[in-house]
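*Asks:* could you look at this predicted model? Sequence included:
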Protein chains: 4
Amino acid sequence: MKTFETVMRVQYYDTDKMQVVHHANYIRYFESARTEYLREEGIAYSEIEKCGVQIPILGVNAKYHVPAVYDELISISCRIVKLGFATMEIEYEIRNSETGELHVTGRTRHGIVDENYKPVALKKKCPAAYEKLQQLYKRDKEADE
Amino acid sequence: MKTFETVMRVQYYDTDKMQVVHHANYIRYFESARTEYLREEGIAYSEIEKCGVQIPILGVNAKYHVPAVYDELISISCRIVKLGFATMEIEYEIRNSETGELHVTGRTRHGIVDENYKPVALKKKCPAAYEKLQQLYKRDKEADE
Amino acid sequence: MKTFETVMRVQYYDTDKMQVVHHANYIRYFESARTEYLREEGIAYSEIEKCGVQIPILGVNAKYHVPAVYDELISISCRIVKLGFATMEIEYEIRNSETGELHVTGRTRHGIVDENYKPVALKKKCPAAYEKLQQLYKRDKEADE
Amino acid sequence: MKTFETVMRVQYYDTDKMQVVHHANYIRYFESARTEYLREEGIAYSEIEKCGVQIPILGVNAKYHVPAVYDELISISCRIVKLGFATMEIEYEIRNSETGELHVTGRTRHGIVDENYKPVALKKKCPAAYEKLQQLYKRDKEADE
């Protein structure tokens, strides 16, 4: 899975007394990576919000392989694995940036809603973003085959 | 699912600019509830650590139904749904304390390891805690039937 | 300083790899205590927001004495030490709930602003809350003398 | 103040329902910047820990000027303003990366301690790091004059 990678350094405040990254913080890393991924592809989430659209999380799962430690450089790759009318799914891999050792894998499922949390067609509310997401989805899918 | 409930109030710092609890924070609420659940049953996690045992998370999943908001009182129920040689699974429900409206459901899968992250038999390292977990697991299972 | 105390338990996710509470989290504890203090006195912050008023922080300072540890019960006391036209200052003490050992002391300085971050007279926008804050301020001041 | 700058992007999870960065998170930004500053100068905090030395915070203060918002690129500058036997003070400025608008200023005061939280002479325990900190302190001081 090599579609997109963002590199981050594990912060002190991300660790807990088990001496490793607290498990809930990987869910935050997913979000950081997802945002960078979309921005990199020309889809700034702040722009989507300006269309009156939000992309809240409907579900998340994460599988913890080996913990990441303080000061470590980690790479987070992500790709769109589903794109529906008003839903989207993204997959993630968190690895050590240098060794490639696998830390965490996961997936988030998103709704596409307006400011009242009602499902909306992104295609209508934010056609430019929709177009790019479609292209991205196709590209990621082909990369995978 | 009524085995155990802990009540918490949603803090300002738990919210994000979508005006609701940030999704990663529910994973923290799971942890708070799990800790209280075990403590309530006479199994303080700090005591388990004194046996040289840690119970790291191997996996988590969460399904977000309706977002919780600032200042809301929420109830988190949890129960043990699997107890193996060196693994354990716990299920959670987060609801509004007053109306019972369902916010989030989820499950965490845990390993039972020593200080070098090697799987250990809790039964040997920390027999008192093991005994109580067994009783808890049986009780939660019966409550469910 | 005995005006008001809220009791909390240190969570696992509050700790860092130094095995103690991460220093930024005490600033969050200040906020939790401040909210409970005001609520206890009949001033729910969510009610103030409904008047179109926000009370953002203009400044904070904290002095760290002895670190708090995982699973510890801590008491946070707070009291209003200044109340001006559109500003307020609150002082905090975080102690071990049982031994009274002092962990952290601090102070926050707040503005009172409308939704556009312009200073407003709480007295006009939210007279009930203003009246209560005044009483609280006087009581805390007398308690101190 | 131009000694060192680290650039970060404000994350969604850093914001709160006031639509801006939660005030406690700037204290975390201070830490990220401090770590990068020291690393950049050849003093990795993880290396200091390997000498058996920790540099906990004894005190912090922050003054909030204008809030930073989601997705904003911010620059955090920092410099050593005091370096004593077993203490150190660092000053920070957080600005918008592009406009230079001032968000937050602050200062942290640190102890230099061993694993039992006893003050230690960094000069003895970790002479290489001490030497570099001295040079840094002098350079920052001269830059300021």
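*Replies:* Received the coordinates, thanks. Quantities reported herein were computed from a predicted structural model and do not represent experimental measurements. Numbers count the residues shown, from 1 in each chain, chains lettered A, B, ... in the order given.

*Asks:* so where's chain A shaky on pLDDT?
*Replies:* Along chain A, the model assigns pLDDT under 70 to residues A:1-3, A:144-145.

*Asks:* gap between stretch A:10-17 and the chain center?
*Replies:* Taking the mean of its C-alpha atoms, stretch A:10-17 sits 21 Å from the chain's own mean (Cα atoms, centre = their mean, to the nearest Å).

*Asks:* is there proximity between that stretch and chain C?
*Replies:* Yes. Stretch A:10-17 lies in contact with chain C when judged by Cβ under 8 Å from any Cβ of the partner chain; the contacting residues are A:12-13, A:15-17. In short, each C-beta sits where N, CA and C put it, glycine included.

*Asks:* OK, contacts around the nearest residue to A:Ile27 once chain neighbours are set aside?
*Replies:* Nearest-residue entry for A:Ile27: B:Ala24, 4.0 Å, with adjacent residues in sequence omitted and distances by Cβ to Cβ, 6 or more residues apart in numbering or on different chains. Contacts for B:Ala24 were tallied using Cβ atoms under 8 Å, 6 or more residues apart in numbering or on different chains; they are A:24-25, A:27-28, A:31, D:13.

*Asks:* among the residues you listed, who's most crowded?
*Replies:* Within these, neighbour counts (other Cβ atoms under 10 Å in any protein chain shown) peak at A:Ile27, which reaches 26 neighbours.

*Asks:* contact partners for that residue?
*Replies:* A:Ile27 is in contact with A:60, A:62, A:106, B:23-24, B:27, counting by Cβ under 8 Å, 6+ apart.

*Asks:* follow-up on the earlier one: the residue nearest to A:Ile27 and B:Ser77, how far apart?
*Replies:* According to Cβ to Cβ, to the nearest Å, B:Ala24 and B:Ser77 sit 20 Å apart.

*Asks:* which parts of chain A are strands?
*Replies:* Listed from the start of the chain, chain A has strands (DSSP state E) covering A:5-9, A:57-64, A:73-83, A:87-96, A:102-111.

*Asks:* for C:Ala121, find the nearest of those strands.
*Replies:* Comparison of the strands of chain A against C:Ala121 by Cβ to Cβ identifies strand A:57-64 as nearest, at 40.3 Å.

*Asks:* about what we covered before: which of the contacts of B:Ala24 sits closest to A:Val66?
*Replies:* In terms of Cβ to Cβ, no member of those lies closer to A:Val66 than A:Asn25, at 15.1 Å.

*Asks:* and stretch A:110-129, C-alpha only, in CSV?
*Replies:* Presented in CSV, the C-alpha positions along stretch A:110-129 are these (Å, rounded to 0.1, in the frame of the first residue of the first chain):
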residue,chain,number,x,y,z
HIS,A,110,-17.3,8.4,7.0
GLY,A,111,-20.6,10.0,6.3
ILE,A,112,-21.0,13.0,4.1
VAL,A,113,-23.4,15.4,5.8
ASP,A,114,-24.6,19.0,5.9
GLU,A,115,-24.4,21.2,8.9
ASN,A,116,-27.5,19.5,10.4
TYR,A,117,-25.8,16.1,10.1
LYS,A,118,-28.2,15.1,7.2
PRO,A,119,-26.6,13.0,4.4
VAL,A,120,-25.9,15.1,1.3
ALA,A,121,-24.6,14.4,-2.1
LEU,A,122,-21.1,15.8,-2.2
LYS,A,123,-21.5,15.9,-6.0
LYS,A,124,-24.1,18.7,-5.7
LYS,A,125,-22.8,20.6,-2.7
CYS,A,126,-19.1,20.6,-3.5
PRO,A,127,-18.7,19.3,-7.1
ALA,A,128,-15.0,20.1,-7.4
ALA,A,129,-14.1,18.1,-4.3
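
*Asks:* at contact distance from chain D, anything in it?
*Replies:* No. No part of stretch A:110-129 sits near chain D under the criterion Cβ under 8 Å from any Cβ; the closest distance found is 12.8 Å.

*Asks:* so which bits of that stretch are buried?
*Replies:* With burial defined by 16 or more other Cβ atoms under 10 Å in any protein chain shown, the residues of stretch A:110-129 counted as buried are A:110-113, A:120, A:122, A:125-126, A:129.

*Asks:* and these as a markdown table, adding distance to B:Lys141?
*Replies:* Written out in a markdown table, the entries for these read as follows (distance: Cβ to Cβ, whole Å):
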| residue | distance to B:Lys141 |
| --- | --- |
| A:His110 | 34 |
| A:Gly111 | 34 |
| A:Ile112 | 39 |
| A:Val113 | 38 |
| A:Val120 | 43 |
| A:Leu122 | 44 |
| A:Lys125 | 47 |
| A:Cys126 | 48 |
| A:Ala129 | 47 |
